[in-house]
Each structure stands twice: as structure tokens, then as C-alpha cells.
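**Q** Provide a 3D model corresponding to the input given below.
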Amino acid sequence: MSDRELLNRITTNSKVMIGKPVINGTRLTVEYILNLLAHGASISEILEEYDGLEEADIRACLLFAAQSLESTTFMPLNI
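**A** Numbering: from 1, shown residues only. A predicted model of the protein is given here:
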């Protein structure tokens, strides 16, 4: 699947989840899916939990995040 096809699975609408990017036809935000993955959920676990969700939707979230970070400037973290 091309990048364009994957990114077409993500949409924003100011009336849905306060305009955050979501997977088309759902109220699942890109941020939520990324947090699930970051906290150890597997793709198969996410797909089992959310009927109708496809692996390509999760890959679309990852691609959306990667492309969103391309033009971002970062400052060092003081942890």
C-alpha cells in the first residue's frame, strides 16, 4: 500500500475528537493508537479489541506520526 493510500485512512474534523487526527470512520485518535503501541500493546491485540480496524489503519497512524515529525525542530530535553 502506498504512503498516500495509508494517509487517506487518517482524517481530521474539528467536530470529531476536537480536531485530532483519527482513523477514518472511528473516534480512535492517532495519538491513542501510538500510546497503545508505546505501552506494549501488539498490533494483533489492538485489532482484537477494535472490530473493523485493520492492520493498515495502525500502519497509517505510524506513517502519519513519522511524517508529522519530519519538519519538527527539537530542543534537548532536560530530564
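**Q** please make it C-alpha for all contacts and neighbour counts, starting now.
**A** OK.
**Q** where do the helices sit along this structure?
**A** Secondary structure of the chain (DSSP state H): helices at 3-7, 30-38, 43-49, 55-70.
**Q** measure how far the first one is from the centre of its chain, please.
**A** Yep, that's helix 3-7 we're talking about. On the basis of CA atoms, centre = their mean, to the nearest Å, helix 3-7 sits 12 Å off its chain's mean C-alpha point.
**Q** buried ones in stretch 50-65?
**A** By 16 or more other CA atoms under 10 Å, the buried positions in stretch 50-65 come out as 53, 57-64.
**Q** quick one: contacts of it?
**A** Stretch 50-65 is contacted from outside by 3, 6-7, 9-10, 23, 30, 33-34, 43, 47, using CA atoms under 8 Å, 6 or more residues apart in numbering.
**Q** show me which of those are buried.
**A** For these, a burial check counting by 16+ other CA under 10 Å picks out 6-7, 9-10, 23, 30, 33, 43.
**Q** any chance of those residues in a markdown table, plus distance to Phe74 and pLDDT?
**A** Listed next are the buried ones among the contacts of stretch 50-65 as a markdown table, based on distance: CA to CA, whole Å; pLDDT from 0 to 100:
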| residue | distance to Phe74 | pLDDT |
| --- | --- | --- |
| Leu6 | 26 | 97 |
| Leu7 | 24 | 97 |
| Arg9 | 27 | 98 |
| Ile10 | 25 | 98 |
| Ile23 | 27 | 98 |
| Val30 | 21 | 98 |
| Ile33 | 23 | 98 |
| Ile43 | 29 | 97 |
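**Q** quick one: which of those residues is nearest to Met75?
**A** Val30 (23.3 Å; CA to CA).
**Q** shouldn't the closest one be in contact with Ile23?
**A** Yes - at 6.9 Å, Val30 counts as touching Ile23 under the criterion of CA atoms under 8 Å.
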